[in-house]
Structures are given as C-alpha cells and as structure tokens.
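> I'll drop the sequence and a predicted model, then ask my questions.
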Amino acid sequence: MHGTVFPPLEIGEVLSTVHFLEILSAIFLILTVLNRLLPHIVSASLMKGLAVLGGIIVSWELISFYEIINPVLLPPPSRVVSLMAHLWSIGFLQTQIYSTVYKITYAFTLALVSGVTIGIMISYFSNTFSFLESFLNAIRVVPAPAWLALAILWFGIGHASAIFIIWLGIFFPILLSAVAGVAKVEQVQVETVLTFGGDKYDVLLEVVLPVIYHHVLTGARIGIGIGWITVVTAELVSVSANSGLGWMINDSRILLDITTVMVGMFLIGFLGIVSDAIINRFEGLVPGWD
Amino acid sequence: MAALVAVMIVVTVLRASSQDLVGAKFYRVLMAWLIFFVFAEGTIYYGVFKSILLAPPTAVIHRAMFYLEKGYLQINIASTMFRFISGFFIALTLAAPLGLLFGVYDKAYEWIAPASNFLRMTPPPAILPFAIIMFGIGEAPAVFVITVGCFFPIFLATMRGVREVETIHKEVVQTMGGDQMDVLKHVILPSALPSVMTGVRIGFGIGWLVLVASEIVAADSGLGFMIQGGRMRLDTPTVFVGMATICILGLTMDMFLKQLEKYVTVRKKGGGEYIYY
Amino acid sequence: MAMRGETDKRFGPGSHVVEIKDIKKSFYVYVDEGQTVLSEKRRWFSRKKPGELVAIKSFTLDVDHGEFVALLGPSGCGKSTLLRILAGFETPTSGFVTFKGNAINGPDPQRAMVFQSERAVFPWLTVEGNIGLGPKLQGMGKKARKEAVAKTIELVELKGFERAYPKTLSGGMLQRVAVARAIVNHPELLLMDEPFGALDAQTRNHLQDHVVKIWQSIEQTIIFVTHDIEEAVYLANKVVVFTARPGEIKEVVSINLPHPRDRTSEEFIGLRNHCTRLIRDKHPEG
C-alpha cells in the first residue's frame, strides 16, 4: 500500500460562525437538561469540564471571527468541524481512525497479556529472574520512540514496526504494576486458600489475580497514555504505510493545511479521552478495600 | 582508552540498573551483564544475526569512541539535554505554583479539574506539527511540546497533593494561632511534597518520552536525530550508540530522581504522608 | 459425630484428635543487608555463622475431640508457631505431631484456621463468596454450596448480609465471616490465632460468646491462641500456659466451669488470678 491519496482541500459548505455558536449553545442546553435527568452519566463535574472546554472553543471562535489572530494561521473551530464532517462523509477520516486505533489496540492487548504474565512469573520465580531485573530496568529507561530506528531496521516500514514500539511502551508500566501488585498479596490470603485445600493454581486464580487487578488497571492507564504518544510519533514519521491520524496531521502540515491538522489533533485527543474512560469503566468490576 | 571507557560505561549501567550499590547482588548483576556482553560479542561478530539487525558491542564502542573524539556525541547529548531541561523546568515553574493555587481554592479546583483531565490525554506529539507551524523549525516546537507533556502530570499531582492534606493538620496550626501563610508553609507544602515528587517523577518520564519523539520527528540535532540518521544510512552501530547513550542518561536521571525522592520524603519524616506521627 | 463423653475410637494410636510429642522448633537467623531474616534451612554460602532462634523448646500435648484448648502466653512465646505447625504451614525441627493418628502433611480443610488479620477475608468476594470458597475449592456443586453457606451464615448470625462486600462490614462482622469460612467445611479441628485481638472490648466479648455457642452446638474441637488471660479463662476448658521464649509448657489449667461463664464470679476470678500469676512468674517487670 503506497499511501493514501490526500483528498482535495475544498470543503464545500462551511459552517458559519453564527450557526456554529448556535449549535454549541443547543448542545449545552441539552446537556444541562440531561444533567438533571441522568446525574450518573452526565455529572456536574463533567458539565464543568465541558463548560471550560466550551468556553475555550467559543473564545477561539470569536478570536478568529474578529480576526484578532489571522484565521489562516488559526482556523476557527467552525471550519474545523465543517472539514471534519466533510472528511467523514468521503470516508477518508474513518480509514485513518481505523488505522490508528487498530495499531494501538493490537499493541495494548499484547502488552496487557505479556505484561501481566511476565510480571507474575518474575514475582513467583524471583530468584531465577532477579538477574533479569537489571536488564529490564535498562530497557525500560529507553523511551519507546528511541526504538523506532531499530524497529525499522528489523521489520521494515509497516505496521509491524509501529506495533512493536507501541507494545514496548505499554509493556513496562503494566509489568511494573503487575509486580507491585503481586507484592501486595498478603500471606494470610495465600494461606487461607491453602487451608481450604487449594493448590498453587487456585492461589493464582483466587488471590493473585484479584489483588493485582487494580494495580494493573492503573498501569494500563499510564500505558495507554504512553501508547498514544508512541502511535502518533510512529505515524508522524510515516512508519506504517502512510496511514493513520498522525500521518494525516503531518501530511497536512506540509501542505500548510492547518485546518486538517486541527481535525487530527482533536480526534486524537478525543480518542485518548475515550480510551482512558473505557479503562476507567473497569475499575468497578473487582471491589477492593477502598 | 576504548577499554577504559567501556568499563566505565558498563559500571555505570550496572550500578544504576541494580539500584544496589553494595552486597552480593551487585556482583551477580555484574556477572549477568558481563556474560551478556560476551555472548553478544560472540554471536553478532560471528554473524549469527544479520549484520544490519544488530551490532556487536565492540563495533558500538568503537563508533562511540569515534564520535567522542570528534565531539559529535557531546554536541548531540548537549542538544538533547538542553531541550529536555528547558522544557521540564518551564513546565515545573508553571505547573507547581498553578497546581498549588488551584488546589488551595476549592472553587477553582472544581472548575479546572475535569477540563485538565480531558486535556492531559492529548499526546504532545500530536501538537508538534501545529507547534512547527507556529514557531517554525528549530528548538521552539520541541521545547514547547516537552513543556506541555511535563506540565499536566506535575499540575495534576500538585493539585491532588494539596487537596489530600488532612484538615486536622490545618486546624492544628490554626489553633496555634497561625494564619493562612503559616498553614501554607507548615502544613500544605510539607504534606503535598511527596505527591508533587510523584508528579515530577511521572512528568520526567513523559517529558523524556516526548523529547525523544520530537527529536525523531522534527529536529536537526540531538540523540533522536542521530539515531534516525544512523538508520537511514543503515549504520546500525550508530543507532546503538544513540540508544545506549539514551539508556545511560535515563538510568542516571532515574538514580538521581530516586535519591531526590528519598531526600524529600525522609526529610519530611518517613513518607511525608503522616508527618505529625 | 461422637457424643460428648464417649471415647472416640475412630482414630489411630492414642485415639486423640491431636497428639503432639516433644516438638522443638528453631530457626536460623541471618542478617540480609541490615534486615534480620529467619530461615528454615541452613544456607550454603554465607559469610558468618547464623544465629539460632528457638521458638519452641519442647512441647507435648494431647487434645481430645470436643475440647476447647486455649494456648496462653506472652508475645513471642511460640504459641502462634505451634498453631502454624498444627495447621501445616511449618514443620517441627524435631519431635512429631499427629492428627487423627496420621502425620501432618501441609494445610488441610480438616484443620481449618481463622487468622487474626481481618484482611484475610477477601475484599473482592461477597460474604457468600468468601464462605463458599472452601467448598468451591473442594469441588462442591453450586446448589450444595449455597445450602452449606446458608446454614453457616445462620450459625454466625450474619443473615441478610450474604451479598455484602467486606468493605461495608465492621471488624466484628468480618471476623464472623472468617469463622464461618473455616467451619463451613466441617473441620475436625478449628485453629484460631488471636482472632479477636484487633477488635474493641465490646465486640470481643460478643464474639467470644459466639464462639462458645458454635462450640457447643456443633461439638467442635478448638485450639485457640491468645495472650488475653481473661479470654482464655472465659472460653476454654483447658488452658495451656506458656513460658516466655523459648516456649515450654508452664502448666495446663483445667477449667470446669459451666457455660455461660460469669466473669465476676469467685471461681472465675480465682482461676484468672492463677493464670496471671503463672504468666507473671518469670517476669521481674510484672
């Protein structure tokens, strides 16, 4: 795949500032109503967060509208939204989103499984693996993007290199959190299972996994943040077949198409928030002492 | 000369990566690394792996010596460190006071916290192209992006540290006749310090990550740039030199941070969480 | 289940539930980077000769079915170590222990243990889940499990809390869950390691009555470790008083008062004073 053809720059209908502001106010009103009706989903703090962001967007729109900053340099959000809608309608946006999300999800799953497994193994067999600790430490301090060059030498340009370094970045926080979690397993808990006639595997299933659950979740949140940074970096350098949101941003920068740059930035930010929220959802699944 | 430098590097790596400066463990780690290097040298040199994929340690050290003589390595290290330290310190000077401010005033906190939680998830490299448009190519976009990256962890952690100060402690100072400034000085700052340190540690890590990322994407000097150059020339030893330098720098900073954390928390009486025990 | 008073001929030699014969338990003491570490085995590579810590010097005791034995002594006298040997977590350095005529080979649901730490109850399971854990590991079916759990919950008076999570329960309730968890397997021997040590006085008394009630209703053999003299005298019909470390039996005090016992009665106070004197005997500070 030699790279996607970049779509034409005209966006047809542009949302005017007035319309945009109207739409924003409408959304805000709806959210306020939802806040009254469904305070669990649309909470007060969510409202405040959205309000602050909304305020920033509105001021930005006005700054562009009154040409305080040249709108060529800083396109107003109304234009950004219009372009987003346009790119979505021609299917271009979906391809890029899919590409990025695919890479990061793949790498994340790999990292989760490998991180937890190896973390547990290292903790269980700490005597044999203690020599590994210093190697892992040395590798850990090298940030994932630094591996990019080596990855390309090994795997060539393509998804494999990208997924490799993303995996690398997410693996370590999860590994560390898994090891920290296993350390928190208390001897009385292990002995309880043993007293009831359980064997080593029962201990693993019934005690170790529930105890490390929350630690691993925290590690996963850190990991996904690092994962996003890494996937964007990889795409900015066009590592994987010229696709993905990062590539879209960089390519439009070269063409000085700031509006598309903005579209990309917002989408990445939005997806980042969504991924974090998804991981957060899993917090409640296993109760702890808190 | 080469051997001397090699030994120095190996020892630094060992000391830092084992975090344990004396004892039987040190020797075990030393043995492990020596075995590793001998193994690497043997297999790679004798072509067990294709020569592009890996470089034997001797070739790497040779290349490193070459760069050191020409001053090439030093320039790149200086470049990288300059960007990182500038970005980090700007972030620190902004984030810590702001975090303090927003942590102390409840109303402010309520409004800023959700928005910050949204904003912190934007990966700084995504902002890089925009920064390049704004500031042009040069140091500015990289430093800007590193600042953004370091800012949020420190800001959020400081706020949380301030919020988690126990009311009882504040009340104690107030009954002793202290005013707001006293409460700030004697309660809030000491109690929040460990959280701030955690934020600093996380910010350090993320900043380092963003630094390398931005050097790969948009820089004309520095270690990341050096690594990319090596890759394009299929010059694997250079790639390894770059990565090893990053590794050593990272370990040194890690050690430094751990010492700093120990100093801060021990001084605040054991963990700093409950300093009035 | 044998009726009270009948000699139980089900077991092997001696026909006691537990036979402890002259056991000794000692550890090697090593110093690892400033930390004192106790070790079972002698290490091959070590610069200095290790110190020796004798936890139990010599201990002999027989326990019969249905007895309530209290192991009473100051901290560090080895009573918890003895309990752990009975549970199967440690082995004696010399001497032997048998359970129902057979050697002890590791932990077993028939020698169920109630730990002191309330954190032994798993916070990620409900009360039902916690109590049902033992049967689940033994392979009991879902329906049978539910019944067994329900019966035990009634016994410890936690009805209504089946679906509650430990974080919502008080300390006393958590210990009741711990006890229920141990007895749901119908163990021959119930081992309790200072289970009420972390609770406030009122709750402690309440739970002590609870334990007595359970003991009476299902004829449980109980070995109960405590450093609280009054607790030992209140609960047990046989109080084994330990010396300070290294642990040995000072005296075995039989207590024949009927339940429920009156803490203010003369006989009670007399027995309590007797035990107090026994414990304080070697203590110049006491």
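Thanks, I have it.
> from here on, contacts and neighbour counts on C-alpha atoms
Fine.
> where does the residue in the stretch 1-150 of chain A that chain C sits nearest to land in three-state SS?
Closest approach between the stretch 1-150 of chain A and chain C, counting by CA to the nearest CA: A:N127, at 14.4 Å. Following DSSP: H, G, I helix; E, B strand; the rest coil, we place A:N127 in the helix state.
> Now do it: how many residues are near it, please.
10 (other CA atoms under 10 Å in any protein chain shown).
> From the contact counts, what lies against the longest helix seen in chain A?
For chain A, the longest helix by residue count, based on DSSP state H, is helix A:92-124. Other helices and strands packing on helix A:92-124, by 3 or more CA pairs under 8 Å, 6 or more residues apart in numbering or on different chains; DSSP states H and E, are helix A:77-89, helix A:159-183, helix A:209-236, helix A:245-254.
> now check the longest one, is it near chain B?
Pointing back at helix A:209-236 there. Yes: residues of helix A:209-236 are located near chain B by CA under 8 Å from any CA of the partner chain, namely A:G225, A:I226, A:W228, A:I229, A:T230, A:V232, A:T233, A:L236.
> contacting residues for the closest residue to the fourth one other than its chain neighbours?
In space, A:I229 comes closest to B:P123 once its chain neighbours are excluded; the distance is 4.8 Å by CA to CA, 6 or more residues apart in numbering or on different chains. Applying CA atoms under 8 Å, 6 or more residues apart in numbering or on different chains, one finds that B:P123 lies in contact with A:G225, A:W228, A:I229, A:V232, A:I268, A:G269, A:G272, B:G149.
> now the residues of helix A:209-236 next to chain B in CSV, with neighbour count and pLDDT?
Supplementary listing: the residues of helix A:209-236 next to chain B in CSV, determined by neighbours: other CA atoms under 10 Å in any protein chain shown; pLDDT from 0 to 100:
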residue, neighbour count, pLDDT
A:G225, 21, 94
A:I226, 26, 95
A:W228, 29, 95
A:I229, 28, 94
A:T230, 31, 94
A:V232, 28, 93
A:T233, 30, 92
A:L236, 29, 89
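> From these, pick the one nearest B:S195.
Checking the residues of helix A:209-236 next to chain B against B:S195 with CA to CA, the nearest one is A:G225 at 19.7 Å.
> does that closest one really touch B:P124, like I thought?
No: the pair formed by A:G225 and B:P124 falls short of the contact definition of CA atoms under 8 Å, at 10.3 Å.
> which one of the helices and strands packed on helix A:92-124 lies closest to C:D209?
Each of those has some distance to C:D209 by CA to CA; the shortest is helix A:209-236, at 33.5 Å.
> where does C:L38 land in three-state SS?
Three-state secondary structure (criterion: three-state DSSP) places C:L38 in strand.
> buried sites along the helix ranked longest in chain C?
Scanning chain C for the longest helix, with DSSP H as the assignment, gives helix C:201-218. Judged by neighbour count (16 or more other CA atoms under 10 Å in any protein chain shown), helix C:201-218 contains these buried residues: C:T203, C:R204, C:L207, C:Q208, C:D209, C:H210, C:V211, C:V212, C:K213, C:I214, C:W215.
> With that, I have no additional questions.
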